[in-house]
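Participant: kindly generate the corresponding structure for this input.
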Amino acid sequence: MMLGVQSFPELYTMLIGWNLYDQLWDLLTKTGLAFFPFIGIVFRNIVRPYESQETKDAASTSLRRMEIDIISTLLLIFFAVSPFIPLNASVVSYTPICQAKGDSNTFHPGDTQTTWDKAFAVPSQDIRIPLWWYAVLSISEGFASSANTMVGCPTDFRKMVTEVDTAQVADPELKEELQNFNLDCYMPAKAKYFADVKNNASSIQTINSDRNQYGVDDAEWFGSHGFQDTYYKTSRAQSAVQGFTYDPSSDINADTNKNNPPAYGKPTCSDWWNDSQNGLKARLYAALPTTFAEDFANFFSDDPNGVLKEDVIKRIVNDNADKGYDRANADNNDSFSRWGYSHIAIALGSWFSQLSTYPKLYAASQAAPIIQALLLLMIYTFLPFALVFGGYKPGAFISGAVIIYSLIFWSFIWHLVSYVDSALMNALYDGDWFSKQIPSATIADMITGTLIIIAPIFWFTFMGSMGIAVGDIVTQAFGSMNQVGERAADEGSKMAKAAVSKVASAAASKVTGIAG
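Facilitator: From the prediction side, this is the model:
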């Protein structure tokens, strides 16, 4: 029978926790600590009856109480404390709820193909688990997994935004090429733009048309559509760019290079930016994680004009721009651009805020299953001590079951929070995913950050209090069984005494009659 879990780390903490439970229970039995509660049972069931009954009746009551308590405790130890059901790596499995379309992979400890395989070793000992806790885990894990499937798998916008925000250009050649593009293409184009604004040149109409279509800040980044439709068509790189073919017709030194042409050519700024193989736009997009395009293919498929993809590239450029590019933005301000000094400060502040907020929220959601798995490990490990020192009370088993169920159910709560987060981002970000932070987006971040922490705590507190109540009810029920037995015994004792008295009276009467 398979036992599913809710995360990769739980594959290992499940085995490690119950392996420690098994060993600690063995230690408790060998040292005799596991039998201490029986001393308490004997002492309690001798003292209490003698406090309220006559010696003869108290002895009978003590015996009956000890019979019930010892038998019930032995049954609890056999079914719910002593481990005997095998638990190994082939039994424990994890099937992610949200997988790539068409995939239905199930993972076992040791073959997850993640770093968890290196972090934890699969225990080599024979691991066993009590029947009661095996049933609790099966029901809890199965219920949580079923509940997760009901929520579904919406696009994880938080992951998408975080991966874009944290994308870094690691290739030093690409960094140098970005700087060269800034010096050879963008800054000259920006200077021409401001000159044409004053002269009301024909190019301004084209640029303003692109600004109306792509946003008023279209002229504020390397991939400006207005610049591509005007200045980038005629401007060229000042030095050869790797990957572009040498064209002697565009080289002013073609005659001197005729016998020994260079390996690469000097592309136009438009080709340098847009080339599908060697263009800066394509190479910047490649700075994202390799799974980014696959994970969010459906999201970007609804963007036929490529606006969202360009927003991604714009964000990567802005996050990796050198100081020269920043100065170009600041030094070339004009009344026709919304990017004055204060606007630049606001934008940079917003981007910095996003860069610090998004990763924190995403990191919290990624850390949550790890924390859950480690807490479960602690519970499984400490459980034998709780049961022994709790005197094997029936209520402890119910309370423990509710606590474990509540903790496992956290996975559904976080999945639900992720669903709500995606819905909030889709509603409040208003399509402005990467270029700037907006007040409504801040509201979404605040709500999500609160839910990640508060929702599971609220659930756990609620279920924990209910679990304690249920445990008390069960304990009282077992106590009632003793009371019923005592009452029945008392009534039986009274009836027996009355019968003996009647028999004795009848016998005495007969003896008196005979004597008379």
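Participant: which residues touch residue 141?
Facilitator: Each residue near residue 141 by Cβ atoms under 8 Å, 6 or more residues apart in numbering is listed here: 3-6, 408. Yep, even glycine has a C-beta here, placed from its N, CA and C like the rest.
Participant: quick one: residue 299 from residue 71, how far?
Facilitator: Residue 299 sits 62 Å away from residue 71, going by Cβ to Cβ, to the nearest Å.
Participant: ditto for residue 229
Facilitator: In terms of Cβ to Cβ, residue 229 sits 89 Å off from residue 71.
Participant: ok, residue 368 next?
Facilitator: Here the criterion is Cβ to Cβ. By it, residue 368 lies 43 Å from residue 71.
Participant: more neighbours, those two?
Facilitator: Comparing residue 368 with residue 71 by other Cβ atoms under 10 Å, the one with more neighbours is residue 368, at 20 against 10.
Participant: the helix or strand hosting the more buried one: what's the following helix or strand?
Facilitator: Taking DSSP states H and E as the definition, one finds residue 368 inside helix 341-389. Counting by DSSP H and E, the next helix or strand C-terminal to helix 341-389 is helix 394-408.
Participant: and that following helix, what does it pack onto?
Facilitator: Judged by 3 or more Cβ pairs under 8 Å, 6 or more residues apart in numbering; DSSP states H and E, helix 394-408 is in contact with helix 55-76, helix 131-151, helix 341-389, helix 439-515.
Participant: switch to 6 Å and redo it
Facilitator: Counting by 3 or more Cβ pairs under 6 Å, 6 or more residues apart in numbering; DSSP states H and E, the packing neighbours recorded for helix 394-408 are helix 131-151, helix 439-515.
Participant: what is the mean pLDDT for it?
Facilitator: Mean per-residue pLDDT for helix 394-408: 88.
Participant: how far off centre is that helix?
Facilitator: Put simply, helix 394-408 sits 23 Å off its chain's centre (Cα atoms, centre = their mean, to the nearest Å).
Participant: could you check the angle helix 131-151 makes with that helix?
Facilitator: Helix 394-408 runs at 30 degrees relative to helix 131-151, counting by axes from the mean of the first three to the mean of the last three Cα atoms, to 10 degrees.
Participant: so where's the stretch 401-516 of the chain shaky on pLDDT?
Facilitator: For the stretch 401-516 of the chain, the stretches with pLDDT under 70 are 430-432, 434-441, 464, 466-516.
Participant: ok now stretch 124-136, how far from the chain's centre?
Facilitator: For stretch 124-136, the gap between its own C-alpha mean and the chain's C-alpha mean amounts to 26 Å (Cα atoms, centre = their mean).
Participant: to clarify, my last question referred to stretch 266-282.
Facilitator: 39 Å.
Participant: who's in contact with that stretch?
Facilitator: Contact with stretch 266-282 is made by 185, 228, 232-233, 235-237, 240-241, 243-244, 313, as judged by Cβ atoms under 6 Å, 6 or more residues apart in numbering.
Participant: just the C-alphas of that stretch, formatted as PDB.
Facilitator: Extracted C-alpha coordinates of stretch 266-282, given in PDB (Å, rounded to 0.1, in the frame of the first residue of the first chain):
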ATOM      1  CA  LYS A 266      29.400  45.500 -38.200                       C
ATOM      2  CA  PRO A 267      25.600  45.100 -38.200                       C
ATOM      3  CA  THR A 268      23.100  47.800 -38.200                       C
ATOM      4  CA  CYS A 269      21.700  48.600 -34.700                       C
ATOM      5  CA  SER A 270      18.300  47.100 -35.800                       C
ATOM      6  CA  ASP A 271      19.900  43.800 -36.800                       C
ATOM      7  CA  TRP A 272      22.200  43.900 -33.700                       C
ATOM      8  CA  TRP A 273      19.100  44.000 -31.500                       C
ATOM      9  CA  ASN A 274      16.600  41.900 -33.400                       C
ATOM     10  CA  ASP A 275      18.600  39.000 -35.100                       C
ATOM     11  CA  SER A 276      17.000  35.800 -34.000                       C
ATOM     12  CA  GLN A 277      20.300  34.000 -33.400                       C
ATOM     13  CA  ASN A 278      22.900  36.600 -32.400                       C
ATOM     14  CA  GLY A 279      20.700  39.600 -31.500                       C
ATOM     15  CA  LEU A 280      20.800  41.100 -28.100                       C
ATOM     16  CA  LYS A 281      17.100  40.600 -27.600                       C
ATOM     17  CA  ALA A 282      17.300  36.800 -28.000                       C
END
